[in-house]
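Engineer: This is the structure alone, sequence omitted:
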């Protein structure tokens, strides 16, 4: 038997893609929304339905920024746009849960207005980004 030669390969991961998503204004805004939502969620107590909505609101809101980050690592604008559409869906889901929490009296008007305003802004930013990614040459759809 011959001698087996082992070559050691050292892979250095350059965090270029990770740095990219952090520079996206929409991700930054979604991150601030996630933090604000988490802070509000910590104050929500009450019925089983309020607890379920609290959990669902957190999951949907966290999903927005996660899909932006994941999509930014894809190799094409088309793939990135698909993740942005998923983030838009999570944004709509978050809005629904927020409305229900407000209608049930679990969160007050000021909290609702603040989170809802931030959520609307993120949704508009996502919509604009999705349109730009889906139509990169600026041709009419």
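Structural biologist: Looks like it arrived, so ask away. For clarity, every value in this text was computed on a predicted model and none was experimentally measured.
Engineer: quick one: terminal-to-terminal distance for stretch 100-107?
Structural biologist: Length of stretch 100-107, first residue to last, C-alpha to C-alpha, to the nearest Å: 9 Å.
Engineer: List the neighbours of it that are in contact with it.
Structural biologist: Residues outside stretch 100-107 that contact it (C-beta atoms under 8 Å, 6 or more residues apart in numbering): 40, 44, 46-47, 49-50, 53-54, 57, 98, 109, 112, 115. C-beta: built from backbone N, CA, C; applies to glycine.
Engineer: Is there a quick PyMOL command that grabs whichever of these are buried?
Structural biologist: To isolate the buried members of the contacts of stretch 100-107 in PyMOL, using 16 or more other C-beta atoms under 10 Å:
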select buried, resi 40+44+50+53+54+57+98+112+115
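Engineer: Let's have the contacts of stretch 100-107 in CSV, adding secondary structure, distance to residue 65 and pLDDT.
Structural biologist: As requested, these are exported to CSV (DSSP: H, G, I helix; E, B strand; the rest coil; distance: C-beta to C-beta, whole Å; pLDDT from 0 to 100):
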residue, secondary structure, distance to residue 65, pLDDT
40, helix, 16, 97
44, coil, 20, 92
46, coil, 27, 84
47, coil, 28, 89
49, helix, 26, 92
50, helix, 24, 93
53, helix, 20, 96
54, helix, 18, 96
57, helix, 14, 98
98, helix, 16, 97
109, helix, 26, 98
112, helix, 21, 98
115, helix, 15, 98
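Engineer: Adding distance to residue 64, write the contacts of stretch 100-107 out as a markdown table.
Structural biologist: Listed next are the contacts of stretch 100-107 as a markdown table, based on distance: C-beta to C-beta, whole Å:
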| residue | distance to residue 64 |
| --- | --- |
| 40 | 15 |
| 44 | 19 |
| 46 | 25 |
| 47 | 26 |
| 49 | 23 |
| 50 | 22 |
| 53 | 17 |
| 54 | 17 |
| 57 | 11 |
| 98 | 13 |
| 109 | 23 |
| 112 | 18 |
| 115 | 12 |
